[in-house]
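Peer 1: give me a model of this one.
(chains A and B)
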Amino acid sequence: MTKYPSHENFAAVVLPHLDDAYALARWLSGSSADAEDIVQEACLRALRGLDRYAGGSARAWLLAITRNTTFTWLARNRPKALLITEDIETLAPADRATPEEALIAKADAAAIALAIGALPPPFKETLVLRDINGLSYREIAEITGVPLGTVMSRLARARSLLMSALGRSEAK
Amino acid sequence: MSTGNETLLTHAALDGELDAAGMLDFENHLAANASLAAEYSRLKALREVMQRELVKPVAPPALRERVARMAAPSIAPRAAPAWRAIAATAVLAAGLGSASTWLALRPAIEDTNLVGTLIADHKRGLLSGQPTDVASSDRHTVKPWFASRFALAPKVIDLGPQGFPLAGGRIDVIAGAPAPALIYRHNEHVISLTALPVQGSLTPRAFVIDGYSVEVWRDGATGYWAISDVDPGELTKFRQLFDAAAKTGSEKSG
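Peer 2: Here you go, the predicted model:
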């Protein structure tokens, strides 16, 4: 079979999902400048790996590359951002005092951003992929390489931590 | 239902990940369990406030430009396909729908082992339990879905009234390039229909290989490959219906 220059399809496959990739990198890195560098590197990887794009959702494919690039980029350039507690899945729920619905509804962008930024990376990426990028559980499981059940428990933990943090920030 | 499971199901319900039966079950639990209902309301409040307050970051134009430029080496070679597209459009304009012009934007395909690849894609779709990337019987959903992924979308025709309802679309990779495939259902069977540009000759034929019925036909510059595990006779009927609908332009405005 003829091998076509991968550039032919690069723009068609990657560019429509650039905002998604940028949003993911932006939330995971917490910095717009870093996100630009990360997405550019992710797109280079995508270009080199376009031959291996196995069909399916181009968005999920690009987000998987972006997610992996983000973590290698952060490990290389911002090692402190990735400091995480071991055995994160088994941590006891941090704060059972869940705030009232009305209190959550009053939260503003800054408080939410701060709360998301404070989430440990595995919870943060699951939450962002679901609530910012709008991916399905199955897609998130594939991208993050964990079982569906882990995706579900991480998402539950992430939202629970988020609600507690919003309650605290309002109480101040 | 254990408490842990209930929590996970609450999130799954909120995220639209439960099927109809699961949702019904969950709603019964919700009605009978006040603390679960409160948790569900809090989660809904959280989602609403996130949707209200958070603006999804948009890639800066400079970044978009840099990424687009990564594909720059293709600008010169693309001149040829673009020219071909214009030429093809002119030819096609004679009688064919404009929906076919997308085909000219990608290089023509060699038939070598093509059927093998298409059967592999069809099987992969079935094995993954998810034969479609976009699941919809509404061609007004499927067509834009393709349109957002390809420069020009393929012809999308629903044959539901004739017993072959459209089930959705899928992106396959043929010779290293993404190719759109339409997915139809017939009783309990799945039919994958791939449309590819054809240069030179393509012999219309029907055969059975590895237990799969295959129908190959062409409509102008478009070659069609239908793969399914239905009886060969049924697939022939599908081919006739699709071909007739394509020729009478029942895609309409698509």
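
Peer 1: show me which helix or strand of chain B is least confident by mean pLDDT.
Peer 2: Lowest mean confidence among the helices and strands of chain B (mean pLDDT, DSSP states H and E): helix B:75-92, at a mean of 43.

Peer 1: phi, psi for the residue nearest to the spatial centre of chain A please.
Peer 2: Geometric centre of chain A, nearest residue: A:Glu125, 3.1 Å, by CA atoms, centre = their mean. In terms of degrees, to the nearest 10, the main-chain angles of A:Glu125 are phi -70, psi -40.

Peer 1: ok so B:Ile183 is a strand residue?
Peer 2: Yes. Assignment of B:Ile183 by DSSP: H, G, I helix; E, B strand; the rest coil places it within a strand.

Peer 1: now do the helices in the chain.
Peer 2: This is for chain A. Applying DSSP state H to chain A gives helices spanning A:7-14, A:18-29, A:32-48, A:58-77, A:101-105, A:109-117, A:121-127, A:137-144, A:148-171.

Peer 1: meant chain B actually
Peer 2: Using DSSP H, helices in chain B cover B:3-14, B:20-32, B:34-53, B:61-70, B:75-92, B:114-127, B:139-147, B:232-247.

Peer 1: got JSON lines for those helices, with mean neighbour count too?
Peer 2: Every C-beta, even on glycine, is put in place using the N, C-alpha and C of the backbone. Converted to JSON lines, those look like this (neighbours: other CB atoms under 10 Å in any protein chain shown):
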{"stretch": "helix B:3-14", "mean neighbour count": "17"}
{"stretch": "helix B:20-32", "mean neighbour count": "13"}
{"stretch": "helix B:34-53", "mean neighbour count": "16"}
{"stretch": "helix B:61-70", "mean neighbour count": "14"}
{"stretch": "helix B:75-92", "mean neighbour count": "14"}
{"stretch": "helix B:114-127", "mean neighbour count": "18"}
{"stretch": "helix B:139-147", "mean neighbour count": "19"}
{"stretch": "helix B:232-247", "mean neighbour count": "17"}
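
Peer 1: of those helices, which approaches A:Arg78 most closely?
Peer 2: Set against A:Arg78 and scored by CB to CB, the helices of chain B come closest in helix B:61-70, at 18.9 Å.

Peer 1: list the contacts of that closest one.
Peer 2: A:10-11, A:14-15, A:18, A:22, A:36, A:39-40, A:43-44, A:47, B:59 (CB atoms under 8 Å, 6 or more residues apart in numbering or on different chains).

Peer 1: mind doing that once more with 7 Å?
Peer 2: With contacts defined as CB atoms under 7 Å, 6 or more residues apart in numbering or on different chains, helix B:61-70 is touched by A:10-11, A:14-15, A:18, A:22, A:36, A:39-40, A:43-44, A:47.

Peer 1: make a ChimeraX selection of the buried ones in the residues you listed.
Peer 2: For the buried members of these, the matching ChimeraX selection, counting by 16 or more other CB atoms under 10 Å in any protein chain shown, is:
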select /A:10,11,14,15,18,22,36,39,40,43,47
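
Peer 1: ok, so of the contacts of helix B:61-70, who is nearest B:Leu126?
Peer 2: Set against B:Leu126, the nearest of those by CB to CB is A:Val14 (28.3 Å).

Peer 1: is it true that that closest one touches A:Leu62?
Peer 2: Yes. Contact criterion CB atoms under 7 Å: A:Val14 and A:Leu62 qualify, at 5.9 Å.

Peer 1: which residues are in contact with both of those two?
Peer 2: Shared contacts of A:Val14 and A:Leu62, defined by CB under 7 Å, 6+ apart, comprise A:Ala46.

Peer 1: out of the contacts of helix B:61-70, which touch chain B?
Peer 2: Applying CB under 7 Å from any CB of the partner chain to those, one finds that A:10-11, A:14-15, A:18, A:22, A:36, A:39-40, A:43-44, A:47 fall near chain B.

Peer 1: so can I have TSV of those residues showing pLDDT?
Peer 2: Formatted as TSV, the ones next to chain B among the contacts of helix B:61-70 follow (pLDDT from 0 to 100):
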residue	pLDDT
A:Phe10	81
A:Ala11	81
A:Val14	89
A:Leu15	89
A:Leu18	95
A:Tyr22	96
A:Glu36	95
A:Val39	96
A:Gln40	94
A:Cys43	93
A:Leu44	91
A:Leu47	87
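
Peer 1: closest one of those to B:Gln240?
Peer 2: Of these, the one sitting nearest to B:Gln240 (CB to CB) turns out to be A:Ala11, at 37.7 Å.

Peer 1: what sits against the closest one?
Peer 2: Each residue near A:Ala11 by CB under 7 Å, 6+ apart is listed here: B:68, B:71.

Peer 1: residue contacts, A:Ala115?
Peer 2: A:162, A:165-166.

Peer 1: out of the residues you listed, flag the one nearest to chain B.
Peer 2: Chain B has its nearest neighbour among the contacts of A:Ala115 in A:Leu162, at 6.5 Å by CB to the nearest CB.

Peer 1: how close does that closest one get to A:Phe71?
Peer 2: Distance of A:Leu162 to A:Phe71, given as CB to CB, to the nearest Å: 21 Å.

Peer 1: quick one, which of these two is more surrounded?
Peer 2: Higher neighbour count among A:Leu162 and A:Phe71: A:Leu162, with 26 against 17, using other CB atoms under 10 Å in any protein chain shown.

Peer 1: tell me the pLDDT at the more buried one?
Peer 2: Looking at A:Leu162, its pLDDT reads 93.

Peer 1: list the residues that contact it.
Peer 2: A:115-116, B:46.

Peer 1: would JSON lines of these with distance to B:Ala181 be doable?
Peer 2: Below are the contacts of A:Leu162 laid out as JSON lines (distance: CB to CB, whole Å):
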{"residue": "A:Ala115", "distance to B:Ala181": "43"}
{"residue": "A:Ile116", "distance to B:Ala181": "38"}
{"residue": "B:Leu46", "distance to B:Ala181": "39"}
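
Peer 1: now the residues you listed as a markdown table including pLDDT and distance to B:Gln162?
Peer 2: As requested, the contacts of A:Leu162 are exported to a markdown table (pLDDT from 0 to 100; distance: CB to CB, whole Å):
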| residue | pLDDT | distance to B:Gln162 |
| --- | --- | --- |
| A:Ala115 | 93 | 54 |
| A:Ile116 | 94 | 50 |
| B:Leu46 | 94 | 47 |
